[in-house]
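Trainee: I'd like to go over a predicted model; first the sequence, then the structure.
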Amino acid sequence: MLCFAQLKKYNCKAQQQCKRVRDNTHQLKKKLDSTDLSLKNLQFEEIYLQREIQKCLQYKSEDEKLSLIPESEYLASLGGGTPATGGGTPTTGGGTPTTADPHETMLNRLKWELEQRKVMRQEQETWEKKKVDLEKEIHSLKEYLSSLPPQLEQMLQTTTQVQEYLNMKLVEKKRQAEMAGWLPPPLYNIYSQVTGYAEYLKLGTTVTLSGDLEIAKNMTSDSNSDTEEVAETETKHSSKRRSAVSDLGKKKAFKAYPLTVEVVVPCDEGVHAKVLFTYLTKLKVVTVSISLMITTASPWRDKFSVGTDYMSSRELLCALWPGDHGDECPNPETPTILNKYSLPTKTKIPNSLGRPFLWAQRLAGITSWGSHDTTLDLATSRNTVARFLDAIKQRCLARLSLKYQLRILASNKTVKEGAIPQPTLLTEVVSWKEVQVESVGEEYPARVTQQISDKDTLYEVISKRGKTSCKGLVVLSLDYPTTPPFTVLQITSPSGTATARNDENVRAIEEELNVHVEELYGENVEYLLTKVVSRMCMCLDVYVEGKGLEPQIKFFINKFRGPENVLPYVYNVEKQYFQHR
């Protein structure tokens, strides 16, 4: 029993001790949890504070987005003063500049900037209001101006008779000015330069534009579509319609701009030359043609009838500049362009479009051609105008005079305008006709006939005195009278046939006609052909009388000179006798 009581006692103590230990442990654990919670609270607080610190460090103020003026300009705008501290407005003068508190300085700057922007905003609103008022005024003026053209057009139409009576041509000038705005640059250079030159010198030359203005406005510069169209047509009809495709290719390759420039140059009384300039859009060259207009009141009307080759466009313009015949297109890209349209490289520009003379390109200001465009030089165009107008006038007068001389010579008569100082002529022209190079016989030297160009014109003249006749071959070049006629003679007399190869006198006569022909250049130079024929007849008189074939009428100082017995063929007008040169 005692042991059981002790055991219960010890058990009770053990229970009490366990309870004390448990309570102590619980208190310690509670304290530990409290300490741990405090630690975590401190850690969270630390994280929060660090986060707030970062936010403060990374804070971007709205004023940083503003484009403020530099601080130096701000201080200078205050006139040396200092922004007032304590939130006041900036003051000017009296204070000492200080930057002790940058925050206050920035606040003052922002306040000052705000005031300035308010002022600027008011100015902006004022100017915008003025702008709106001006726009309204401009709009009303535009409406007024837009209403003027119909009224002016109506006035021009109603005053047409008055304009015609006063020769004002206001409607025509308006139409010409509108057309000039649609000209390609080369044609516009011709139009502006010739018009300005003629108006400045009052030459009487008129420049007009013609063509379809609506087509010019609607024209496109797309050349590839034309090429593809030609190629497609050729593919479809390569076997049956090759000729039609060729015609289509020519039409595309030699396409002319719908507007042309027409220059009318007064050449003489009642005679005008109408020169027409056309621009080929694909070849990028200017072509030119010419026609003569002769009024019924002109003295030339009674001198000839129209219809000779020398009045054709090509003959009037060919060799207007030395060596420029207009046979080849000056654009080096021409073979490539023709190949695009399946045309032979030697295809010529149709005569209806004129000829691409080099002087026409210079008059248009074209100096070179590129793959995409041409190079234009206004100075080249300006420097060519005077020479062009003078050359056209001189050429037309020369061709009219030549035509008149040919008609008179063909009727075996003399031209009084081409008379030269000489005694009475007894030699007469009995025949004058045009001949071809193939029909020229062996009586003329081969070295002479070989030098004749296919562009030269040959005439055979036969003059006669008594039983002696002289047959001459006269060669006229296209640039006559710049290049004088060239003459080869053959004299037939009872004593035989004499030429320059076997007779020194014939050689001397040819020398007078060909070498000393510059003596005939002077007054009425356009009648040079008649002067040459007259000198030939005079020299034949001297030849016949000097050889004793006819009675001597003319007076010679020295009849013969040298071992070849050369006769005197130079006539002294003052002393009225013949002498040696």
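Mentor: Here it is on my side, so go on. Computed from a predicted structure; not experimentally measured. Residues are numbered from 1 along each chain as shown.
Trainee: nearest spatial neighbour of the spatially most central residue of the chain, skipping sequence neighbours?
Mentor: The centroid of the chain falls nearest to residue 186 when counting by Cα atoms, centre = their mean (2.8 Å). Nearest residue to residue 186, sequence neighbours excluded (Cβ to Cβ, 6 or more residues apart in numbering): residue 364, at 3.6 Å. The C-beta positions use only the backbone N, C-alpha and C, and glycine is treated the same way.
Trainee: Could you do residue 198 as well?
Mentor: That would be residue 205: by Cβ to Cβ, 6+ apart, it lies 3.8 Å from residue 198.
Trainee: Can you list phi and psi of that neighbour for me?
Mentor: phi -80, psi 130 (degrees, to the nearest 10).
Trainee: Point out where the stretch 351-500 of the chain drops to low pLDDT.
Mentor: Applying pLDDT under 70 to the stretch 351-500 of the chain flags residues 371, 414-418, 441-443, 447.
Trainee: Now do residue 2 against residue 8, distance only.
Mentor: 11 Å (Cβ to Cβ, to the nearest Å).
Trainee: So which of the two has more stuff around it?
Mentor: The neighbour comparison of residue 2 against residue 8 (other Cβ atoms under 10 Å) goes to residue 8, with 10 against 6.
Trainee: Go through the helix or strand hosting residue 187 and flag the buried ones.
Mentor: Take DSSP states H and E as the rule and residue 187 turns out to sit in helix 185-201. Neighbour counts over helix 185-201 (16 or more other Cβ atoms under 10 Å) mark 186, 187, 188, 189, 190, 191, 192, 193, 194, 195, 197, 198 as buried.
Trainee: any idea what sits nearest residue 378, other than its immediate chain neighbours?
Mentor: residue 365 (5.6 Å).
Trainee: And for residue 331?
Mentor: Per Cβ to Cβ, 6+ apart, closest to residue 331 is residue 369, 4.8 Å.
Trainee: ok, that neighbour - contacts?
Mentor: 284, 330, 331, 332, 333, 375 (Cβ atoms under 8 Å, 6 or more residues apart in numbering).
Trainee: okay, the second one: pLDDT?
Mentor: Looking back up the chat, that one is residue 330. On pLDDT, residue 330 comes in at 91.
Trainee: any idea how far it lies from residue 25?
Mentor: Distance, residue 330 to residue 25, by Cβ to Cβ: 120 Å.
Trainee: Tell me which of these two has more neighbours.
Mentor: residue 330 (20 against 10).
Trainee: what helix or strand does the more buried one sit in?
Mentor: Using DSSP H and E, residue 330 sits within no helix or strand.
Trainee: That one and residue 285 touch, don't they?
Mentor: Yes. Residue 330 is in contact with residue 285 according to Cβ atoms under 8 Å; the separation is 6.2 Å.
Trainee: Quick check: neighbours shared by those two?
Mentor: Common neighbours of residue 330 and residue 285 (Cβ under 8 Å, 6+ apart) are 356, 361.
Trainee: Quick check: mean pLDDT of the helix holding residue 187?
Mentor: Helix 185-201 comes out at a mean pLDDT of 93.
Trainee: Now do it: which elements does it pack against?
Mentor: Using 3 or more Cβ pairs under 8 Å, 6 or more residues apart in numbering; DSSP states H and E, the elements in contact with helix 185-201 are helix 170-180, strand 206-211, strand 259-268, strand 271-280, strand 285-294, helix 358-363, strand 374-376, helix 378-410.
Trainee: which residues pair with the residue nearest to residue 331 across the strands?
Mentor: Beta-bridge partners of residue 369, counted by DSSP bridges, are residue 374.
Trainee: Near residue 62, how many residues? Count them for me, please.
Mentor: 7.
Trainee: Any figure for the gap between it and residue 68?
Mentor: Applying Cβ to Cβ to residue 62 and residue 68 gives a distance of 12 Å.
Trainee: State the pLDDT value of residue 322.
Mentor: pLDDT, residue 322: 88.
Trainee: you'd agree it is in a helix?
Mentor: No. Residue 322 is assigned coil when assessed by DSSP: H, G, I helix; E, B strand; the rest coil, not a helix.
Trainee: so how many other residues sit close to it?
Mentor: For residue 322, using other Cβ under 10 Å, the count is 8.
Trainee: Ok, residue 63 next?
Mentor: Residues near residue 63, counting by other Cβ under 10 Å: 12.
Trainee: Kindly report the same for residue 365.
Mentor: Neighbours of residue 365 using other Cβ under 10 Å come to 24.
Trainee: wait, it sits on residue 189?
Mentor: Yes. Counting by Cβ under 8 Å, residue 189 is a contact partner of residue 365 at 4.2 Å.
Trainee: Residues that sit against both of the two, list them.
Mentor: Common neighbours of residue 365 and residue 189 (Cβ under 8 Å, 6+ apart) are 376, 378, 381.
Trainee: and these as TSV, adding neighbour count and distance to residue 356?
Mentor: Shown next, in TSV, are those (neighbours: other Cβ atoms under 10 Å; distance: Cβ to Cβ, whole Å):
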residue	neighbour count	distance to residue 356
376	16	16
378	12	20
381	24	16
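Trainee: show me where this protein has strands.
Mentor: 206-211, 259-268, 271-280, 285-294, 366-369, 374-376, 428-435, 457-465, 468-476, 486-493, 496-498, 570-572, 577-579 (DSSP state E).
Trainee: For residue 504, find the nearest of these.
Mentor: Within those, the stretch nearest residue 504 is strand 496-498; the backing value is 9.5 Å (Cβ to Cβ).
Trainee: List the contacts of the closest one.
Mentor: With contact meaning Cβ under 8 Å, 6+ apart, strand 496-498 is reached by 443, 490, 491, 492, 505, 506.
Trainee: Among the helices and strands packed on helix 185-201, pick out the one with the most neighbours on average.
Mentor: Neighbour counts averaged per stretch over the helices and strands packed on helix 185-201 are highest for helix 358-363, at a mean of 23; criterion: mean count of other Cβ atoms under 10 Å.
Trainee: now that one: how far from the chain's centre is it?
Mentor: Its chain's average C-alpha position is 10 Å from that of helix 358-363, according to Cα atoms, centre = their mean, to the nearest Å.
Trainee: residues in contact with the closest residue to residue 176 other than its chain neighbours?
Mentor: Excluding the flanking residues, the one nearest residue 176 by Cβ to Cβ, 6+ apart is residue 209, at 5.5 Å. Applying Cβ under 8 Å, 6+ apart to residue 209 gives the contacts 176, 179, 180, 183, 191, 259, 260, 261, 262.
Trainee: Tell me the one of those nearest residue 574?
Mentor: residue 262 (51.1 Å).
Trainee: and that closest one, what are its bridge partners?
Mentor: Under DSSP bridges, the beta-bridge partners of residue 262 are residue 208, residue 276.
Trainee: got the contact list for it?
Mentor: Contact analysis of residue 262 by Cβ under 8 Å, 6+ apart lists 207, 208, 209, 210, 274, 275, 276, 277.
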